[in-house]
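Q: take this sequence and fold it.
(chains A and B)
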Amino acid sequence: MNKLKSILAICTLTFSLFATTSIATAADFTITVPHKPTNIWTETLTREWKTIIKKSFALKYHPGARHIPGVNMWHNELQGKDDSLLFTHGGNAMSHLLEPVDYDLRKYAPIGAQNLAIIVMKRTDVDYDAIADGKSKLITSYNPGVEPDLMALTLLFCGDNKSFDEYLKCYKDRFVLVRAMKGSERTLAFARGELNMLRGNPTNYAKNWINLENVELWFSHGVFDMDTGKIKEDPNGYTTFNDVYKEKHGALPSGRFYNAYALIKNYRDLLQKVIWTGKGNPNIDELTTTLSTTLVKGTETRTNIEARMGKYDWLVGDEVIVAFTKLQEQTDKQTLKDVIWWYENAYGFKTKFKADMVAK
Amino acid sequence: MIEMQPLTNYIPILLIAVGYGFIFGLIPVAGVKLGLIALYPWADLFLNDPYSMVIMIAGVFVSASIGDMFASVCMNIPGGGGSTATMLDGFPMSKRGEATRALSAGLFGAVSQSVLWGGICILALPFYAKFVMHFGIPEMFLLVCLAMVAICFTGNNYPIRGMLACGLGVLMGMTGENPMDFQDYRFTFGWEYLKQGYQIVPVMAGILAVPEILEHIRTKVTIPPSVHNNWQQIKMGFKDWWRYKWDSVQGGLIGTVIGAIPGLGGSISEWLAYAGVSARPRDDDEYPFGQGNVRGVIGVEGANLAQKAAVFVPTILFGIPGAAGQVVVMSLLAYVGMDLGSTAVLNDPDFFTALSWGWFCATFITFFIAIFFFRWATLLLRVPFAFWGPALILLVTWASMQHTGTLDDLWVLLIFVFLGLCMKHGKFNRIAFVIGFILSAKVEELGSIYFQLYGFTDLFARPISFALVVMIVGAVVYGVWFNKTKIQYT
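A: Residues are numbered from 1 along each chain as shown, chains lettered A, B, ... in the order given. You can find the predicted model right below:
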């Protein structure tokens, strides 16, 4: 009987452990994360933010293919809840523009965003001039989010002011896209030389890729210029795509294809990491005010964040709305149709032209 | 820059880590990954001293991995994925009253290989980058094929049904997003949840765990008392391990190689280890494989902790997670300010000190906790399942609902419980199903990438891939014509 009691005591202890876990998990704000259960960007931000706001955050992962179902779920079920926030990434922003999704980023109140870029890496033992000349092909992985990078490289290899059909032929002659590769496989395959281009966020570059042998930074796409709505230099001083293009072709890129690239690149990068909540949420002021305090330059919280995420600008509250509005104003019908044409013909991507995305 | 405290200051956190991880290891289908995920609410406590998080993680890894073995041996239910193959010979030993002997042999196998291969991994860190560069897409694809072949051709009394089960597992593993275009979805039947595919925990719980629990409750299974007492069985287990130490070392080697290659996943290693040891029956084997041969336990457990140690290597050096649990490790350490793969961590000797100290001390402490716990674990076998079977089902349900926490998780669990019961009743090999399920994504992805990047002749042009082709062909030939091992497990 004593043994049975001991066993029951162990079971009770175990259940208590889980009950404690559940209680500890309860938080003042819950952020729906559609990307993956472990989101370093959001974790780092909330870690610093909660020291200022004095409230707790919990990340709730809602999985789904290409990270769309989580945002749809938040749109349909959670946006009206005062304690509910949403994290979206650049892929969600591109889907917002190009795909039939439930959610609509224009309908929410942005709390904060980081104006980011994407980094593209190359190998030192690959002859990229030979690829540009059509003598060999660039082998890279195809995964969601890579499309603007491939557009940039198409411009770089093929030059500007060509027809879209010419770009398509040039692109097909110069690229081998390997499908079905996941993140870590891509990095390793690139390190081994099986792929000769790798792309990802600046944190990956600064923390991990910089240590790889025989690889170097090719370019950063640069960031969205809040004043002009164009692309400007990377605040970390990385060589930008415009620099690389100018070095090869003697002038900055231009033309319809470039405009299409710039539009989709800006959607992806300006909205690469954003925290939203529902419009009318009574906590908006508290959230934005405390986030502003967290992000004041020179403070410990800002320094900690920059150490992890690079020296990229932050936008808070209305600043995000201003930038997003500027981006939407650039979305003209022809450029959007060009993006869609390219996505469908170059990548076989199923898209939907949304007339309401075009600037009035 | 936070400085590490004297190591003795970390003993309390190490003890907590070991106790905490051991509980998660004991819970069927929970294991290391869930144990680490459940750490998130307390992650703030480690902010002031990130090295305590390193030690906590090492402690949880070791103790939960060893704890996994108990459910496999005593209940015929897999732990958190690290000891599934241990069930094949571990539970038959329990049924004849030798649970402690099986646990002891497995423990000595796991701990010895943890120390041996854990040490080798640390010493080999400077050479790792060169090693891993030899394993390209062809080699990884062939390693997965070798694992499938090894499992399919490990003798089974119902080979056709085993292959059908494996095929069904592969098909169900393909549910969700089509990796070729990321826009098409397969086998979702309009259910949004399935676009992400089935998660491994409800699959393991439904196919392997719940049917066993229900069976135990229904049949009121009774374990005969052993003629040997607890201490005698521990000594027998030690003698078994010493006698078959090379099976243990072979398992450790397989675990280390598989663990060190990022992205292959740990489950391959234990099955390759089992295939490796069961392919060499000896005249002095007391029982055939699958019917309680202690060598099956020793070989698999040899791979268990060695593989867990090895997966740290690519994660630390490149920031590339070697297995699913390592993603959580990276995230937890990133939260406390340590980015694995970064120059800051690579140049921090305190990080390596904390990790290796935590790993080896946790191995040592867990060893004694486990030895002490043998008595209790085997006492559980004496308690009617009707007492704690329902609690076990609750725990398994809790573990299955950690994915989204919605009713969808529960529905998926129920689907697999139903499927598991049907397969058990129809004598279909449920292990083959689970392995097919686990490996389906790898087979499809690596296969498609291979054929996009390479041609058939490349298989023979690369030395390692050529050796793997020879091993695959050899495994098929051996399995069809020479293998006398017949596993009874259904």
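
Q: pLDDT-wise, which helix or strand of chain A ranks last?
A: Every helix and strand of chain A was ranked by mean pLDDT, DSSP states H and E. The lowest is helix A:2-25, at a mean of 53.

Q: okay, now the closest residue to residue B:26 other than its chain neighbours: neighbour count?
A: Of all residues not flanking residue B:26 in the chain, residue B:67 sits nearest, at 4.7 Å (Cβ to Cβ, 6 or more residues apart in numbering or on different chains). For the C-beta atoms, the positions are set from N, CA and C on the backbone; glycine is no exception. Neighbour count for residue B:67, taken as other Cβ atoms under 10 Å in any protein chain shown: 31.

Q: wouldn't residue B:67 be in contact with residue B:79 here?
A: Yes. Residue B:67 is within contact range of residue B:79, at 6.7 Å (criterion: Cβ atoms under 8 Å).

Q: overlap in contacts, those two.
A: Taking Cβ atoms under 8 Å, 6 or more residues apart in numbering or on different chains as the contact rule, residue B:67 and residue B:79 both touch B:25, B:26, B:31.

Q: contacting residues around residue B:57?
A: For residue B:57, the contact set (Cβ under 8 Å, 6+ apart) comprises B:17, B:36, B:329, B:332, B:333, B:358.

Q: brain fart, residue A:68
A: So residue A:68 contacts A:34, A:92, A:95, A:99, A:101 (Cβ under 8 Å, 6+ apart).

Q: which one of those sits closest to chain B?
A: Lowest distance from chain B to those (Cβ to the nearest Cβ) belongs to residue A:99, with 8.6 Å.

Q: residue A:353 is in contact with the closest one, correct?
A: No. The criterion here is Cβ under 8 Å, and residue A:99 misses it with residue A:353 at 10.6 Å.

Q: which one's more surrounded, the two?
A: residue A:99 (17 against 13).

Q: so what's the residue count around the nearest residue to residue A:107 once chain neighbours are set aside?
A: Nearest residue to residue A:107 in three dimensions, chain neighbours excluded: residue A:279, at 6.7 Å (Cβ to Cβ, 6+ apart). Residues within reach of residue A:279, counting by other Cβ under 10 Å, total 11.

Q: and residue A:279, its phi and psi?
A: Dihedral pair for residue A:279: phi -60, psi 140, per degrees, to the nearest 10.

Q: how about it, what does it touch?
A: A:107, A:108, A:109.

Q: okay, and the last one sits in which element?
A: Which is residue A:109. strand A:108-114 (DSSP states H and E).

Q: how about the next helix or strand along the chain from that strand and chain B, any contact?
A: Counting by DSSP H and E, the next helix or strand C-terminal to strand A:108-114 is strand A:119-123. No. Against chain B, strand A:119-123 shows no contacts by Cβ under 8 Å from any Cβ of the partner chain, the least distance being 13.1 Å.

Q: what helices or strands is the helix or strand just after strand A:119-123 leaning on?
A: Using DSSP H and E, the helix or strand that follows strand A:119-123 in sequence is helix A:128-132. In terms of contacts (3 or more Cβ pairs under 8 Å, 6 or more residues apart in numbering or on different chains; DSSP states H and E), helix A:128-132 is packed against helix A:147-158.

Q: so where is the stretch 101-250 of chain B shaky, pLDDT-wise?
A: Along the stretch 101-250 of chain B, the parts satisfying pLDDT under 70 run over B:151-159, B:220-227.

Q: show me what contacts residue A:345?
A: Here residue A:345 is in contact with A:164, A:168 (criterion: Cβ under 8 Å, 6+ apart).

Q: please redo it, this time with the cut-off set to 6 Å
A: Residues near residue A:345 by Cβ atoms under 6 Å, 6 or more residues apart in numbering or on different chains: residue A:168.

Q: could you pull out the helices for the stretch 201-350 of chain A?
A: Under the criterion DSSP state H, counting those that start in this stretch, helices of the stretch 201-350 of chain A are mapped to A:202-207, A:241-249, A:256-270, A:284-294, A:300-309, A:318-329, A:333-347.

Q: now do the helix or strand hosting residue A:42: everything it contacts.
A: Under the criterion of DSSP H and E, residue A:42 resides in helix A:40-53. The contact list for helix A:40-53 (Cβ under 6 Å, 6+ apart) reads A:57, A:59, A:87, A:273, A:290, A:293-294, A:301, A:304-305, A:308, B:334-335.

Q: interface residues of the stretch 201-350 of chain B facing chain A?
A: Contacts of the stretch 201-350 of chain B with chain A, taken as Cβ under 6 Å from any Cβ of the partner chain, map to B:262, B:263, B:319, B:320, B:321, B:327, B:331, B:334, B:335, B:339, B:341, B:342.

Q: of all the residues you listed, which two lie farthest apart?
A: Spatially, the most separated pair among those is B:263 and B:335, at 23.4 Å (Cβ to Cβ).

Q: residues in the stretch 201-350 of chain A within reach of chain B, list them.
A: Counting by Cβ under 6 Å from any Cβ, the residues of the stretch 201-350 of chain A near chain B are A:207, A:208, A:350.

Q: quick check, nearest of the residues you listed to residue A:198?
A: Closest approach to residue A:198 among these (Cβ to Cβ): residue A:208, at 10.7 Å.

Q: mind listing what's buried in stretch B:132-145?
A: B:132, B:135, B:136, B:137, B:138, B:139, B:140, B:141, B:142, B:143, B:144, B:145 (16 or more other Cβ atoms under 10 Å in any protein chain shown).

Q: ok, it near chain A or not?
A: Yes. On the criterion Cβ under 6 Å from any Cβ, stretch B:132-145 is in touch with chain A at B:133, B:136.

Q: hang on, the earlier thing: show me which of the residues of the stretch 201-350 of chain A next to chain B are buried.
A: Using 16+ other Cβ under 10 Å, the buried ones in these are A:207, A:208.

Q: nearest to residue B:294 among the residues of the stretch 201-350 of chain A next to chain B?
A: Distances from residue B:294 to those, taken by Cβ to Cβ, are shortest for residue A:208, at 43.4 Å.

Q: in contact with that closest one, which residues?
A: Neighbour list for residue A:208: B:319, B:341 [criterion: Cβ under 6 Å, 6+ apart].

Q: ok, 10 Å please
A: Counting by Cβ atoms under 10 Å, 6 or more residues apart in numbering or on different chains, residue A:208 makes contact with A:187, A:200, B:317, B:318, B:319, B:320, B:339, B:340, B:341, B:342, B:343.
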